[in-house]
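S.K.: sequence first, predicted coordinates after that:
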Amino acid sequence: MSRADYLSRLRRRGLDQAASKSRDVHTLSTPTIQALERIAKSSGPLLHLPDEVETEYRLEWRIAANHIRVMLCILPMSVASILVVFGETLLGMPEPLAQSMRLGFFAIALPFALIPAAIGWLWPHSPAAGALLAVSGLVSLVWMNVLLAQGAALGYPIHHALLPCIPAGLVLLSGFRFVPVLGLIGGYLAVDQLAMQYLGTPPRTPTQWVGEITLLAILAAAALWMETTRRRSWAALRLLQLQAHQDPLTGLRNRRSFEQHYDVVAAQARRDGKRLLFALADLDHFKKINDRYGHDYGDGALSEVAVVLSQFSRRPLDAVARLGGEEFALLLYDCDPAGAQARLDALVDQVRALGIDNEEAPLGVLTISVGGVISDGSLPMSELYHSADQHLYAVKHRGRNGARLGPIISG
Ligand SMILES: Nc1nc2c(ncn2[C@@H]2O[C@H](COP(=O)(O)OP(=O)(O)OP(=O)(O)O)[C@@H](O)[C@H]2O)c(=O)[nH]1
């Protein structure tokens, strides 16, 4: 089964949630890492993140900004509802205008603000809330223009300054994202022109125009600045995250990242009644390599073994890590004993087949010893580690270059 097929099957079963919870923070391509490094140091505007991480950035931002966006939808609407309900008494509005205001507010503005707020609350991953808010802003703008025209006809002029409050609010709700903000400003100006032409909104004075255009330009500049700063900090944070979870020599997960991943995978295995393979792999006579060929050669050997190991981690919930020194760990989700034994044997064969010189070792090449256990996810990783280590020790004891799989263990 190809990786794409497997991913779509996972999605159907809802496992992708677990995979994304334990996001493979260390698996970014070298060009992406280099681009992130450039962005983190750059002082230029509008930094474009590499495609590999752009979606991740947007998703994280959408989720992080969600609560505040929901609050921003609800709070101004609550204040506006008071003004709208008591418009006649508080603002001395003529009755027909107050009536249209109430109608427009409860039929258009309020639902158009509350529905996106609810969508954002219930489905924070979805981009629908943002899109709906933009539509809601434009519809509210048309409604405001109708009120302006009606106010002028009734001799109760409503100030034009109320109009740019709508794009200003939307810019805030968009989290000052530059491209959507430009779209909003364009939409605002278009609705404005159409309203003047077809709804009879009174034209602005030149000073009003200057004020309005200046405000829109300030909003656009603020969005550009915020978006650039945010992208730069995100790139720096992503690099830090990468370093905190990655072994610098081999690029594999480090122990911390592996332990976090194990917790997620174990919980998923318990939920789905699946088994997982946990294996410890330790290079044989590695000290002889360092002593005979030097530390750099040893480092190269570790990197090559890491490449072999990473090929055994094919599914989204699988993982491979360098726990320290010449010790590696492998975690395979949904693995039965026969499959597990076959993979561990293949690992041993493939490391030996690398043919990395180790003249002072019995076989003349670098080999690996592996101890593994299968569990149902009910045990903490420390117990699997302890058990796998005993099997690994047994392999070392009986001459190395082999794999031993223990019986299934559970809590
Ligand atoms: N080159 C290099 N060597 C490392 C690194 N980390 C640990 N080592 C070396 O790995 C060697 C481990 O030696 P031992 O623990 O005696 O294990 P071994 O020689 O592989 O013997 P067995 O495990 O019993 O087969 C030591 O010489 C460490 O210095 C590293 O990052 N790079």
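M.R.: Sure, I can see it. Numbers count the residues shown, from 1 in each chain.
S.K.: so for stretch 391-403, what's the average pLDDT?
M.R.: The average pLDDT for stretch 391-403 rounds to 97.
S.K.: whether that stretch contacts the ligand - can you check?
M.R.: Yes. Stretch 391-403 comes into contact with the ligand (C-beta under 6 Å from any ligand atom), by way of 396, 400. Yep, even glycine has a C-beta here, placed from its N, CA and C like the rest.
S.K.: just the buried positions in that stretch, please.
M.R.: For stretch 391-403, burial by neighbour count (16 or more other C-beta atoms under 10 Å) applies to 391, 392, 395, 400, 401, 402, 403.
S.K.: from residue 390, how far off is the fifth one?
M.R.: When you say that, I think you mean residue 401. According to C-beta to C-beta, to the nearest Å, residue 401 stands 18 Å off from residue 390.
S.K.: can you put the buried residues of stretch 391-403 in JSON lines and add secondary structure?
M.R.: Output for the buried residues of stretch 391-403, formatted as JSON lines (DSSP: H, G, I helix; E, B strand; the rest coil):
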{"residue": "391", "secondary structure": "helix"}
{"residue": "392", "secondary structure": "helix"}
{"residue": "395", "secondary structure": "helix"}
{"residue": "400", "secondary structure": "coil"}
{"residue": "401", "secondary structure": "coil"}
{"residue": "402", "secondary structure": "strand"}
{"residue": "403", "secondary structure": "strand"}
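S.K.: what's the farthest-apart pair in those?
M.R.: Pairwise distances across the buried residues of stretch 391-403 peak at 14.5 Å for 391 and 401 (criterion: C-beta to C-beta).
S.K.: what residues does the protein put near the ligand?
M.R.: Residues of the chain lying close to the ligand (C-beta under 6 Å from any ligand atom) are 249, 282-287, 290, 295, 298-299, 302, 325-326, 396, 400.
S.K.: looking at those, which are in helices?
M.R.: When DSSP state H is applied, these are split such that 286, 287, 290, 295, 298, 299, 302, 396 fall in helices.
S.K.: outline the domain layout of the chain.
M.R.: Taking automatic domain parsing as the reference, the chain has its domains at 30-243, 248-409.
S.K.: what about the last one, how long is it end to end?
M.R.: What it means is domain 248-409. In domain 248-409, first residue to last residue: 33 Å (C-alpha to C-alpha, to the nearest Å).
S.K.: from the chain's centre, how far out does it sit?
M.R.: 29 Å (C-alpha atoms, centre = their mean, to the nearest Å).
S.K.: so, low pLDDT: which residues of the protein?
M.R.: 1-27, 46 (pLDDT under 70).
S.K.: indicate the residue of it located nearest to the ligand.
M.R.: Closest to the ligand within the chain is residue 298: 2.6 Å, counting by C-beta to the nearest ligand atom.
S.K.: got the contact list for that residue?
M.R.: By C-beta atoms under 8 Å, 6 or more residues apart in numbering, the contact list for residue 298 reads 286, 289, 290.
S.K.: now the residue of the chain most remote from its centre. Nearest residue, chain neighbours left out?
M.R.: Here the chain reaches farthest from its C-alpha mean at residue 155, the gap being 53.2 Å by C-alpha atoms, centre = their mean. Closest residue to residue 155 apart from its sequence neighbours, by C-beta to C-beta, 6 or more residues apart in numbering: residue 94 at 7.8 Å.
S.K.: longest helix anywhere in this protein?
M.R.: If you go by DSSP H, the chain has its longest helix at helix 206-245.
S.K.: report the distance from that one to the chain centre.
M.R.: On the basis of C-alpha atoms, centre = their mean, helix 206-245 sits 20 Å off its chain's mean C-alpha point.
S.K.: need the CA coordinates for the helix or strand that it is followed by. CSV is fine.
M.R.: The helix or strand immediately downstream of helix 206-245 is helix 255-272, counting by DSSP states H and E. Coordinates of each C-alpha in helix 255-272 appear next as CSV, following Å, rounded to 0.1, in the frame of the first residue of the first chain:
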residue,chain,number,x,y,z
ARG,A,255,14.6,11.3,23.0
ARG,A,256,12.2,14.1,24.1
SER,A,257,10.4,14.2,20.8
PHE,A,258,10.2,10.4,20.6
GLU,A,259,8.8,10.1,24.2
GLN,A,260,6.1,12.7,23.3
HIS,A,261,5.3,10.9,20.1
TYR,A,262,5.1,7.6,22.0
ASP,A,263,2.4,9.0,24.3
VAL,A,264,0.2,10.0,21.4
VAL,A,265,0.7,6.7,19.5
ALA,A,266,0.1,4.6,22.7
ALA,A,267,-3.2,6.4,23.3
GLN,A,268,-4.2,5.8,19.7
ALA,A,269,-3.3,2.1,20.0
ARG,A,270,-5.4,1.7,23.1
ARG,A,271,-8.4,3.4,21.4
ASP,A,272,-8.1,1.3,18.3
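S.K.: now helix 255-272: buried residues?
M.R.: Buried positions in helix 255-272, judged by neighbour count with 16+ other C-beta under 10 Å: 255, 257-262, 264-266, 268-269, 272.
S.K.: which pair in the residues you listed spans the largest distance?
M.R.: 255 and 272 (25.6 Å).
S.K.: give me the contacts around stretch 261-277.
M.R.: If you take C-beta under 8 Å, 6+ apart as the criterion, stretch 261-277 is touched by 13, 15, 18, 21-22, 253, 278, 317, 319, 330-336, 340, 343, 372-379, 381, 408.
S.K.: the closest residue to residue 191 other than its chain neighbours: neighbour count?
M.R.: Spatially, and ignoring its direct neighbours in sequence, residue 191 is nearest to residue 141 (4.8 Å; C-beta to C-beta, 6+ apart). A total of 21 residues lie near residue 141 under the criterion other C-beta atoms under 10 Å.
S.K.: give me the phi and psi for residue 141.
M.R.: When quoted as degrees, to the nearest 10, the phi and psi of residue 141 stand at phi -60, psi -40.
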